[in-house]
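Enquirer: Output the structure for:
(chains A and B)
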Amino acid sequence: MMNFDKIKEAVNTIEMPKTMKNRVKKNCNIIEKKKNFKRRISVACAFGFLLLIMIGIPFFNNNGNFQVANFTITAYALSDDGNQPNTKLSSDKATFELSTEARGSTTDITGDAANFIFTKLMLNISGEHIDSITYTISKGKFIEDVTLTAKEYADKDWLLSKKIFMIGSSPGSDIYDGTKEIGNTYTVKYNEQDKYKYSIAIPHDGNLVIDDDIIIKVIVKYTDGSSEQQEIVVTQESNSIKSNSISLKLN
Amino acid sequence: MLQQLVWSNELDIERIVDKYGNMLFRMCLVILCNENDAEDVVQDTFITYLTKSPPFNDSEHEKAWLITIATNRCKNMRRYNIIRKHMDINDLQLYCKDDENYGLIEHLMRLPNKHKIVLLLYYVEGYKVDEIAKILGITTSAVKKRLQRGRELIREKYRKENE
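Expert: Take a look at the predicted model:
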């Protein structure tokens, strides 16, 4: 009679030889090491990729474009409809339809006003640990719109000393609007940017056409004493229906 | 941290080969009747264990998983390596400690795979019918039939040998 319980006893007498066991262990370890090597490579690649992203992030602005400096420049302009469109500048052109606010009815003290396109275009900087910002325009000047009393309006010497070279007035009002020349460069404290509403006046050829590109250099000084610079290229849209379309982009 | 992971994996290899190596080898040897194939399957099973690193509820779960992998590998090996020479009974002596049981093991080895796997799990590893059904992915009635047929085949061979 067959005793099936003896199967266990019989099969259990089979043993895996020690050499074979060691060989299996060794081979498993080799494969495991290869696997770990691959894992290390993967981890190293992933780490390198993350590092590249971390290093690269400061060099890309919000539009995903390459950016050398750690600050962003926003340009905004007053349009005819009273809106104030603004764009963070990048290497892509940002075009502004400028206000056609007439300055022809104004009194031009210096006789120089006709040579400029008054853009009503202003700049603002955002970033961290910034102490001051210096703007320098290659051609043209920065201007500020000021309000004058009748007494001030009447004092031409005072106006000239303050570089207020153009004055306009609303009929029946004793409040006058003046245009003050700031110059081709100015510096503001980062926290006081809102106090200085300086716009850009660009020289033209007499037919409201800008001959060459204009460069606005923006130098940012940080609280630790270091500084960074970006350049803005100002161009006129030649194919625009309106001659007062101005484009800005980072150089 | 990675070095610790390497060490822990080496320890894991030591542990599973020491704990389950014999069990898997004897099962594979009986199924495949060839020591080289049995060694290959055992090694493949452990590599699968290390590669997949599946989570187990307990050691019984771990053992059942290893048996499932090993038996499936054996089936594949038999399928694609059918003409490989079976082990000679004299070679079996190298792996068996007890001479008296050679005959029984030989009878078992000569059974069709599906019957000997079920007999091994039932009589050697002590699994119940429903547990074997789970491990092999078949129904309990199929397990019962295979057990019954396996027993009949061994009895038959045993009877013929004694006649």
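Enquirer: nearest spatial neighbour of A:Ser132, skipping sequence neighbours?
Expert: A:Lys221 (4.9 Å; C-beta to C-beta, 6 or more residues apart in numbering or on different chains). In this view, the C-beta of every residue, glycine as well, is placed from N, C-alpha and C.
Enquirer: Make sure I have this right: that neighbour is in a strand.
Expert: Yes - the assignment for A:Lys221 (DSSP: H, G, I helix; E, B strand; the rest coil) places it in a strand.
Enquirer: count of neighbours near it?
Expert: 17 (other C-beta atoms under 10 Å in any protein chain shown).
Enquirer: Enumerate every residue touching it.
Expert: A:130-134, A:227 (C-beta atoms under 8 Å, 6 or more residues apart in numbering or on different chains).
Enquirer: At the geometric centre of the chain, which residue sits there?
Expert: In the absence of a named chain, chain A is used. A:Thr72 (3.0 Å; C-alpha atoms, centre = their mean).
Enquirer: nope, chain B
Expert: B:Met27 (2.6 Å).
Enquirer: how many other residues sit next to the spatially closest residue to that residue that is not a sequence neighbour?
Expert: Take B:Met27 and drop its neighbours on the chain: the residue closest to it by C-beta to C-beta, 6+ apart is B:Leu120, 5.5 Å away. B:Leu120: 25 surrounding residues under other C-beta under 10 Å.
Enquirer: What's the per-residue pLDDT of B:Leu120 here?
Expert: Model confidence at B:Leu120, expressed as pLDDT, equals 92.
Enquirer: Identify the bridge partners of the residue nearest to A:Ser132.
Expert: A:Ser132, A:Ser227 (DSSP bridges).
Enquirer: Distance of it relative to chain B?
Expert: Here the distance between A:Lys221 and chain B works out to 44 Å (C-beta to the nearest C-beta, to the nearest Å).
Enquirer: try A:Lys6
Expert: Applying C-beta to the nearest C-beta, the value for A:Lys6 to chain B is 6 Å.
Enquirer: Just the element for that residue, please.
Expert: When elements are assigned from DSSP states H and E, A:Lys6 belongs to helix A:5-11.
Enquirer: Please apply the same query to B:Arg15.
Expert: Under the assignment here (DSSP H and E), B:Arg15 is part of helix B:2-32.
Enquirer: So for the helix or strand following that helix, what gets flagged as buried?
Expert: As assigned by DSSP H and E, the chain's next helix or strand after helix B:2-32 is helix B:35-52. Buried positions in helix B:35-52, judged by neighbour count with 16 or more other C-beta atoms under 10 Å in any protein chain shown: B:35, B:37-50.
Enquirer: of these, list those near chain A.
Expert: B:35, B:39, B:42-43, B:46-47, B:50 (C-beta under 8 Å from any C-beta of the partner chain).
Enquirer: Quickly name whichever of those residues is closest to B:Ala142.
Expert: B:Val42 (26.2 Å; C-beta to C-beta).
Enquirer: Test my guess that the closest one contacts A:Arg23.
Expert: No - when contacts are counted by C-beta atoms under 8 Å, B:Val42 is not listed as touching A:Arg23 (10.1 Å).
Enquirer: Could you report the neighbour count for the residue in the stretch 51-200 of chain A positioned nearest to chain B?
Expert: Distance from chain B to each residue of the stretch 51-200 of chain A (C-beta to the nearest C-beta) is smallest for A:Leu51, at 17.5 Å. Neighbours of A:Leu51 under the rule other C-beta under 10 Å: 10.
Enquirer: A:Tyr153 too?
Expert: 19.
Enquirer: Find the residue closest to it in space, skipping its chain neighbours.
Expert: A:Tyr176 is the one closest to A:Tyr153 (C-beta to C-beta, 6+ apart), at 4.5 Å.
Enquirer: Okay, and the beta partners of the one you found?
Expert: Beta-bridge partners, per DSSP bridges, of A:Tyr176: A:Leu148, A:Ser169.
Enquirer: I'd guessed it sits against A:Ala150; true?
Expert: Yes - counting by C-beta under 8 Å, A:Ala150 is a contact partner of A:Tyr176 at 7.2 Å.
Enquirer: Compare these two (neighbour count), which wins?
Expert: The neighbour comparison of A:Tyr176 against A:Ala150 (other C-beta under 10 Å) goes to A:Tyr176, with 21 against 11.
Enquirer: measure B:Lys128 to chain A for me?
Expert: From B:Lys128 to chain A the distance is 15 Å (C-beta to the nearest C-beta).
Enquirer: What residues does that residue make contact with?
Expert: With C-beta under 8 Å, 6+ apart, B:Lys128 has no contacts at all.
Enquirer: Least confident secondary structure element in chain B?
Expert: Here the helix or strand of chain B ranked lowest by mean pLDDT, DSSP states H and E is helix B:89-95, holding a mean of 60.
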